[in-house]
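Student: Any chance you can model this:
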Amino acid sequence: MTRDPRVRYAALVVLIALLASLAVAAFRLRVESETRRVEIAMDYSDFAQLARAYDYNPAAFLVALRRAGLTSLALTEELGSDIGTNGKAFAATGGALLSQSKVTALSDPLLASLARNGRLRPNAIYLVVTDAATYRRYRAQLPLHFMPRSIHVLRDRAPWIIEVDTQLDYFNAIALGIPTDQIDLAKHLGLLVIPRFQNDERFTRTQMDAQIGDVLRNDPKVSTVVFFGVHNEVWGYPDHLPDAGAAFKERGRHINFGLIETYDPSQVQKGSETLGKEIPGRTVRVQAIARGELEKISLDDVVDRYVLGVRERNVRVVYLRSWQHQDGNLTIEQTNVEMVRRIADALKAHGFRLGRATPVVPYHGDSRVLVGIAALGTPAMFVLLLLVLGWYRRWLAVVAFVLTIVLYIAGIALHHDVFARSVIALAGALLFEIAAFLALAPAFADVPRERTGAQILRSIRWTLVATGVALLGALLVVGLMSSPLVMEEIERFRGVKLVLAIPPVAALLLYLFTDKYPIGSKRARDVFLTPVQVYQLCAGIVVLGLGALLVMRSGNDSDIAPSHAELVVRHALEAVLSVRPRFKEFLVGYPSMMLIAAFAPAHRRLLGWLLALGAGVGIGDIVDTFSHLHTPLLISIVRIFNGLWIGVAVGAILVWIYRRFVLAAH
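Tutor: Purely as a prediction, here's the structure:
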């Protein structure tokens, strides 16, 4: 087979594709090392409520937080329903004022005169403003939401009075800019500003520029825009997303877009994916813990979760809400300072810097040429497998290469290149996973060694061979999918669950129906008509259940939450190893690979199918680890290394137990 020129040609193309992927990985490692600046932000509205509740001095409190490591204040636009909470303005409907005038005289002479003369409009909103900066803000913001004819300045001196023709429910829901005193406070304390804007579906470029300009006019140290609102939309959704992109590019040239991390697809902000594509290299991932969940977890959990998000999920804005409980003997104020300090210290200990968040910018590794060369690894590996399995047909090889090239070019032409790359990467990942299991085929026929030490070394060799081939598949995925949009999870690698779910099934089918394994090359009819014992039926049901659990538990948005005991073990592994290996690797995959060569032929015939499934789980998990493209590459490498040495150690113990208590008994 090795003398077959077709094998050499296919292997050469695979090698070239892997070298291109390696170049992408090298460029990616470099850009990831340059994007390690993180913001630690506090939600000001939440903070202010806590400060008022416990009569803390907000400025002194923020100074302590800044010294602990706080970099930014998240300032939210004032909603119409919130007018009056700061004592600088008052809003009421004309109907409410008329009702009040019938009970007691209105103190403002102009409003009293309007009420007496029947000129108060019951459905209109009347704003009474006592602060000059607040009045200027309302005069700038109201025209962004209402037609000029709907806004009437009834008095242009203090206290100012503005009449707005609108409905109360609509007025309560609109956003009227960020209070100037909050921006001034952030500026005075040297904190970056994170504006929280609410979308208005009628906003065009003009209104968006005005909103950014209103903040920049007071403080140029704006870092990241994070959107909010009942409808959970970004600027410009649904019809003006290009305007939003243009506003970021022109008016907010140095401002990032904050993409809020979610695990539930229904919570993803509408339009965020499109906006991220409009401004490549300007998106940073934001992690926040909802108030309801914050009340249920410990302070240690809060710190660990944020640090984990920064290290392993490319989060660059840690969005904090105030901690409303005491930690030990600390006051609530001291507890919040301690929370920020612990997060900041942990991040700095892991090599991160605090300051303006750094997004993943377009880089050389996302070259269409490099990615195109890497894409050829998929059809080349397909041809290699056809040759190894004896299924080669020239037309299949031609079709594989033509389809790959056409799909890649069409993806670029139709602006769906990430989708095309996902399809090619998924196919390549599955082919390399199959190749990894085929590399284990000789282990199923290997003769067990007489000495236990020699057997363990032999088992380690086969485990490293399969792991190496699987890692080549992971490298191909990295080469094809390391786009900034995917690394920021604006777009995703399709088929991640298939990378994990298909290998065990493929391994079992290869084991049963090919001639590469001692028990293989059986006809499907013979397999399905073989009598089944009760214990085999029970084992099959258990395996199916575990397989379903495996798929449901995969990914960050797992359908099944881990148990308390599992969380304890996870935290322990993270504390000891820094990067936690996956249970599927070191408890299932690697031990199964280790046991294959150690089993006696009789035991292989009995349990070979189970070992094939276990090895398939491990191989799939190796590639799956690198399929989560928002995880830094170095973290994935360390995770695999930790899983490998622990899995080999577990496998070595199992080999010793098997030889000591099972093989010796026979």
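
Student: low-confidence ranges in this protein?
Tutor: For the chain, the stretches with pLDDT under 70 are 1-2, 520-564, 566-567, 664-666.

Student: Break it into its domains for me.
Tutor: By the record's domain assignment, the chain is partitioned as 38-77+178-354, 82-173, 421-663 (automatic domain parsing).

Student: Kindly check the end-to-end length of the first one for me.
Tutor: The straight-line separation of the ends of domain 38-77+178-354 (Cα to Cα, to the nearest Å) is 5 Å.

Student: cool, the longest one as well?
Tutor: By Cα to Cα, the extent of domain 421-663 from end to end equals 49 Å.

Student: ok, now stretch 381-399?
Tutor: 13 Å.

Student: how far out from the middle of the chain is that stretch?
Tutor: For stretch 381-399, the distance between its averaged C-alpha position and the chain's averaged C-alpha position is 37 Å (Cα atoms, centre = their mean, to the nearest Å).

Student: buried stuff in it?
Tutor: M381, F382, V383, L384, L385, L386, L387, V388, Y392, A397 (16 or more other Cβ atoms under 10 Å). In short, each C-beta sits where N, CA and C put it, glycine included.

Student: How about stretch 244-263?
Tutor: Buried, per 16+ other Cβ under 10 Å, within stretch 244-263: 244-248, 251-252, 255-262.

Student: quick one: the strands in the stretch 1-150 of the chain?
Tutor: Secondary structure of the stretch 1-150 of the chain (DSSP state E, counting those that start in this stretch): strands located at 37-43, 72-76, 89-93, 125-129.

Student: The longest one packs against which elements?
Tutor: Think strand 37-43. The elements that strand 37-43 packs onto, with contact taken as 3 or more Cβ pairs under 8 Å, 6 or more residues apart in numbering; DSSP states H and E, are strand 72-76, strand 192-196, strand 315-320, helix 332-349, strand 353-354.

Student: From the rest of the structure, what touches the longest one?
Tutor: The one in question is helix 332-349. 38, 40, 42, 50, 54, 56, 61, 64-65, 68-70, 299, 302-303, 306-307, 310, 318, 320, 322-327, 330, 354 (Cβ atoms under 8 Å, 6 or more residues apart in numbering).

Student: That one relative to strand 315-320, how many degrees between them?
Tutor: Here helix 332-349 runs at an angle of 170 degrees relative to strand 315-320 (axes from the mean of the first three to the mean of the last three Cα atoms, to 10 degrees).

Student: Direction-wise, compare helix 332-349 with strand 37-43 and give the angle.
Tutor: 170 degrees.

Student: Next: the second one.
Tutor: Relative orientation of strand 192-196 versus strand 37-43 (the same axes, to 10 degrees): 60 degrees.

Student: what separates the helix or strand just after strand 192-196 from the chain centre, distance-wise?
Tutor: Scanning forward in sequence from strand 192-196 by DSSP states H and E, the next helix or strand is helix 205-216. For helix 205-216, the gap between its own C-alpha mean and the chain's C-alpha mean amounts to 29 Å (Cα atoms, centre = their mean).

Student: which residues are in contact with the helix or strand following helix 205-216?
Tutor: Downstream of helix 205-216, the first helix or strand assigned by DSSP H and E is strand 224-225. Outside strand 224-225, the residues that touch it by Cβ under 8 Å, 6+ apart are 39, 72, 194-197, 212, 248, 252, 255-258, 284, 286, 317, 357.

Student: How about the secondary structure of D243?
Tutor: Three-state call for D243 (DSSP: H, G, I helix; E, B strand; the rest coil): helix.

Student: residues in contact with it?
Tutor: F203, T204, R205, M208, W235, G236.
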